[in-house]
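*Asks:* Build the 3D model from these lines:
(2 chains)
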Amino acid sequence: MILAQFAVAAAFAVRTMRVTFEQISPRTEQVAMTLGCTRAQAFWRVVLPEAWRGILTAATLSWARSLGEFGPILIFSGATRLRTEVLPTTVFLELSVGKIEAAIAVSLLMIAAAVIVLMLTRTFGLRGTGAV
Amino acid sequence: MIDVDNLALQQGAFHLKDISLHVPRGRYAVLMGSTGCGKTTILEAIAGLRPVSAGRIRVNDRDATFRTPGERDLGYVPQDGALFRTMTVRENLAFALDIRGKPATTVKNRVEELASWLRIAHLLDRRAVGLSGGETQRIALGRALANHPPVLLMDEPLSSLDEETRDRMIELLQGLPNRADVTVLHVSHSRIEADRLGDIVFRVENGRVETIKSATKLPPVENVTEQRPHGPA
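*Replies:* Purely as a prediction, here's the structure:
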């Protein structure tokens, strides 16, 4: 189940982080190296802090994608109560036995979790940029 | 001192060969040439940011041809300044000293000394974003000089500045070799900058470097006002 979620989410994360790192000028890393850094030090001290917001965005997108993952989990792990059950399959299981209220409650829970995480990400992601 | 001897560089289809230039200690040299002639490539090779195919580079009397950029003990100011945007101006100026583990009081004193000289003291606690072109270049210059490098390389540092700011920067740079005890190689395509700043002027043309103004008639370098307290890193 974790493998299925990771495979799908990693594709989103890798694409987002690739764009992030491509947008960072290699010049800053080069300057850091002329100032005495090794390549690894230049990456940790200069490049990674610049990529921080992109990494946060990638993590959020991956998490959101994993949260709503349904198809691969149903196929590879099944939907067994209290064993391979995740929130989307819970909605499916509740609906399939006619418990509409329970399905709606779980759906609202997912929406609330997504909103809270997006708000937290926005707050922490913009901290230090002058926008918050 | 910068000594480049029969250097050859290859980057895709573009190549330079038999590049030789010599800048004696304490002199201000300007490397001129039209856009795309390879000025920046030569500067980056001296800085260790580009591999060389053949030849030899000596920086401050040490063979630097195969040394890493950090081992060459030089300062580098790129065209756009390339400030570290996640850091404050103070952290940018302190970077070379912090990475070498210098004591906090040494770092603090050096940063304040540079900030005072470059007139950027009011910017020290500001994040290094949204600065003017002149401020960016002064901070990049201070960051490059923080560890007292004997050699400073500058890649068209004045090209994006307005005329008034450029004049002020030229006045600042004119006193640089004496004040900071540094040998300077400044890449530019501006004849005005070469005339006002260069003790020595080189021109890159058709893949070769020719000396169009030499330092042989200049008096010897003396009266250094700021001594290098730490020596080479």
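
*Asks:* switch to C-alpha atoms for all contacts and neighbour counts from now on
*Replies:* Will do.

*Asks:* Give me the three-state assignment for the residue of chain A found nearest chain B.
*Replies:* Of all residues in chain A, A:Gly36 sits closest to chain B, at 3.9 Å by Cα to the nearest Cα. Secondary structure assignment for A:Gly36 (DSSP: H, G, I helix; E, B strand; the rest coil): coil.

*Asks:* per-residue pLDDT, the closest residue to it other than its chain neighbours?
*Replies:* Of all residues not flanking A:Gly36 in the chain, B:Gly70 sits nearest, at 3.9 Å (Cα to Cα, 6 or more residues apart in numbering or on different chains). Here, the pLDDT recorded for B:Gly70 equals 92.

*Asks:* how near is B:Gly70 to A:Glu29?
*Replies:* In this view, B:Gly70 and A:Glu29 are 12 Å apart by Cα to Cα, to the nearest Å.

*Asks:* How about B:Val184?
*Replies:* Distance, B:Val184 to A:Glu29, by Cα to Cα: 22 Å.

*Asks:* which residues in chain B form helices?
*Replies:* For chain B, the helices defined by DSSP state H occupy B:39-47, B:89-99, B:104-118, B:133-145, B:163-174, B:176-180, B:191-197.

*Asks:* B:Asn206 contacts B:Cys37, doesn't it?
*Replies:* Yes. When contacts are counted by Cα atoms under 8 Å, B:Asn206 is listed as touching B:Cys37 (7.5 Å).

*Asks:* Looking at the two, which has the bigger crowd around it?
*Replies:* Legend: neighbour count by other Cα atoms under 10 Å in any protein chain shown for B:Asn206 and B:Cys37, higher for B:Cys37 (19 against 10).

*Asks:* Do I have it right that that one meets B:Gly207?
*Replies:* Yes. Using Cα under 8 Å, B:Cys37 makes contact with B:Gly207 at a distance of 7.0 Å.

*Asks:* Up against chain B, what does chain A have?
*Replies:* A:27-28, A:30-31, A:33-38, A:46, A:49-50 (Cα under 8 Å from any Cα of the partner chain).

*Asks:* What is the burial count for B:Ile2?
*Replies:* Neighbour count of B:Ile2, defined by other Cα under 10 Å: 24.

*Asks:* just to revisit the earlier point, what values do phi and psi take at the residue of chain A closest to chain B?
*Replies:* phi 120, psi 0 (degrees, to the nearest 10).

*Asks:* Report pLDDT for it.
*Replies:* pLDDT, read off for A:Gly36, is 94.

*Asks:* so who does it touch?
*Replies:* The contact partners of A:Gly36, by Cα atoms under 8 Å, 6 or more residues apart in numbering or on different chains, come to B:69-71, B:73, B:96, B:99-100.

*Asks:* Which of the residues you listed ranks first by neighbour count?
*Replies:* In these, the most neighbours by other Cα under 10 Å go to B:Pro69, 28 neighbours.

*Asks:* so that residue touches A:Thr34, yeah?
*Replies:* Yes. With contact defined as Cα under 8 Å, B:Pro69 reaches A:Thr34; the gap is 4.6 Å.

*Asks:* Once you drop chain neighbours, what's closest to B:Val100?
*Replies:* That one is not Val; residue B:100 is Arg. A:Gly36 (7.3 Å).

*Asks:* which helices and strands sit right next to the helix or strand bottoming out on mean pLDDT in chain B?
*Replies:* Here the helix or strand of chain B ranked lowest by mean pLDDT, DSSP states H and E is helix B:176-180, holding a mean of 82. If you count contacts as 3 or more Cα pairs under 8 Å, 6 or more residues apart in numbering or on different chains; DSSP states H and E, helix B:176-180 packs onto no helix or strand.

*Asks:* chain center to it, what's the gap?
*Replies:* Centroid separation for helix B:176-180 versus its chain: 12 Å, with Cα atoms, centre = their mean, to the nearest Å.

*Asks:* For residue 34, which residues are in contact?
*Replies:* No chain specified, so I'll use chain A. A:Thr34 neighbours (Cα under 8 Å, 6+ apart): B:47-48, B:69-76.

*Asks:* Chain B was what I was after
*Replies:* B:189, B:204-205.

*Asks:* This completes my enquiry, with thanks.
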